[in-house]
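1. got a predicted structure here, sequence first:
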Amino acid sequence: MKHLLSLESMSRKDMEAVLQNAVVFKAQRKDNRQHPLAGQTWALIFSKSSTRTRVSFEVGIHELGGQPLFLNANDIQLGRGEPIKDTARVLGRMIHGAVIRTFAQSDVEEFAQFSGIPTINALTDHEHPCQILSDIFTYQEKRGPIQGKVVTFVGDGACNVPISWIFAAAKLGFELRIAAPKNYQPPLALLERAGASHVHTEARPEGEIIRADFRSSGGKVVLTSDLTFAAGGADLLYTDVWVSMGKEAEAVQRIKDLSGYQINAALMKLAKPDVLVMHCLPAYRGKEIDEQTFEASAPTIFDEAENRLHVQKAILSWLVP
Ligand code: CP
């Protein structure tokens with residue numbers, strides 16, 4: 001039984017297979033000949049808001065011949081405290097797969113364990129694997145292999161999106177630089193979990209730089225509060241909201257702490273001349289990105305959003321060959 005619970009638990013070989021198959025799904029969408037989910041019902045169990053993930057999975061499941069069943073977690077007994085493992089055992093007898101958006105990573109893992117059906121993480125507080133596979137697909141579609149390139153993440157470096165980027169860099173062999181204030185950087189233990197062969201700290205007047213090397217892939221992860229350093233020569237500048245879902249009570253403090261960690265025209269001048277700008281959306285203009293840069297990069301950003309559909313169809317067909 002295969003699941004997509006995290007990029008931490010997904011092999012490089014499987015990531016590459018999904019990315020290659022997504023090219024075929026995108027090219028052949030009009031023909032729509034592959035129906036691996038024919039006769040199947042897949043539940044989308046969402047405890048958080050969603051536009052892109054919900055619609056791309058509902059459409060993708062339908063196009064693969066299956067029936068999507070959207071369940072707002074608050075409308076089922078899960079929202080009234082029924083344990084995950086009981087919900088999983090009930091749904092596992094009725095449906096063929098589950099796509100889950102929730103808070104705790106342990107919830108998707110427990111659902112997969114008890115349901116006995118393929119389970120996909122559609123965002124937890126810890127990882128957003130479908131998003132990062134779609135981002136890498138989009139980069140490669142426009143610029144070729146991501147291996148050896150420099151991806152600079154700007155903003156809250158400790159949330160689910162940069163964490164999934166860390167596991168991708170460790171496996172696919174590119175350099176990920178996370179530019180974030182010290183207390184918005186991911187914990188060092190995560191670099192070890194990702195398999196870093198060497199981690200060292202360089203003290204500099206502009207603030208320390210932590211570098212992790214992943215010998216098996218050639219990947220690197222760099223943590224720094226120095227945005228100028230992090231953007232230098234970047235192939236991809238990437239950002240996400242400063243106030244993730246579930247962090248609304250911290251909004252005022254987060255906006256204060258992260259102000260300055262913005263993608264804008266001045267930052268783009270430090271990157272490679274053909275740098276791409278991506279945003280997983282929704283975007284908050286004037287916060288993590290300015291209006292002018294967002295609109296100039298809109299063709300890439302909305303391709304990135306569309307690619308959720310093609311990549312997730314490849315994920316579904318990888319789970320149910
Ligand atoms: N990027 C993303 O996951 O978008 P939604 O929250 O709209 O699904």
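-> Received the coordinates, thanks. Numbers count the residues shown, from 1 in each chain.

2. roughly how far apart are the most far-flung residue of the chain relative to its centre and the ligand?
-> Among residues of the chain, the one most distant from the C-alpha centroid is P205; the distance is 32.6 Å, by Cα atoms, centre = their mean. When Cβ to the nearest ligand atom, to the nearest Å is applied, the distance between P205 and the ligand equals 37 Å. From N, CA and C alone the C-beta is placed, and that goes for glycine too.

3. what values do phi and psi take at that residue?
-> phi -60, psi -30 (degrees, to the nearest 10).

4. ok, it - contacts?
-> By Cβ atoms under 8 Å, 6 or more residues apart in numbering, P205 lies in contact with nothing.

5. just the CA trace of the host helix or strand of A212, in CSV.
-> A212 is part of strand 209-214 when elements are defined by DSSP states H and E. Output in CSV follows, covering the C-alpha atoms of strand 209-214 (Å, rounded to 0.1, in the frame of the first residue of the first chain):
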residue,chain,number,x,y,z
ILE,A,209,25.1,31.1,8.3
ILE,A,210,24.3,27.4,8.8
ARG,A,211,25.3,25.1,5.9
ALA,A,212,24.2,21.5,5.6
ASP,A,213,25.6,19.2,2.9
PHE,A,214,23.8,16.1,1.6
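
6. show the contacting residues for whichever residue of the stretch 151-300 of the chain sits closest to the ligand.
-> Closest residue of the stretch 151-300 of the chain to the ligand, Cβ to the nearest ligand atom: C280 (4.1 Å). Contact analysis of C280 by Cβ under 8 Å, 6+ apart lists 128, 131, 135, 161, 238, 240, 304.

7. what's the burial count for the fifth one?
-> Neighbourhood size, Y238 [other Cβ atoms under 10 Å]: 25.

8. and the helix or strand containing it, C-alpha only, in CSV?
-> With elements taken from DSSP H and E, the one containing Y238 is strand 236-239. Coordinates of the C-alpha atoms in strand 236-239 are reproduced here as CSV (Å, rounded to 0.1, in the frame of the first residue of the first chain):
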residue,chain,number,x,y,z
LEU,A,236,14.3,30.7,-8.1
LEU,A,237,13.0,33.2,-5.5
TYR,A,238,10.1,31.6,-3.6
THR,A,239,7.8,32.9,-0.8
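
9. C-terminal to that strand, what's the next element?
-> The C-terminal neighbour of strand 236-239 among helices and strands, as given by DSSP H and E, is helix 251-258.

10. tell me the mean pLDDT for that following helix?
-> In this model, helix 251-258 carries a mean pLDDT of 97.

11. cool, stretch 148-157 as well?
-> The predicted model gives stretch 148-157 an average pLDDT of 98.

12. can that stretch be said to contact the ligand?
-> No. Using Cβ under 6 Å from any ligand atom as the criterion, no contacts between stretch 148-157 and the ligand are found, and the smallest distance is 13.9 Å.

13. any idea how far that stretch is from the middle of the chain?
-> Between the mean C-alpha point of stretch 148-157 and the mean C-alpha point of its chain there is a distance of 13 Å (Cα atoms, centre = their mean, to the nearest Å).
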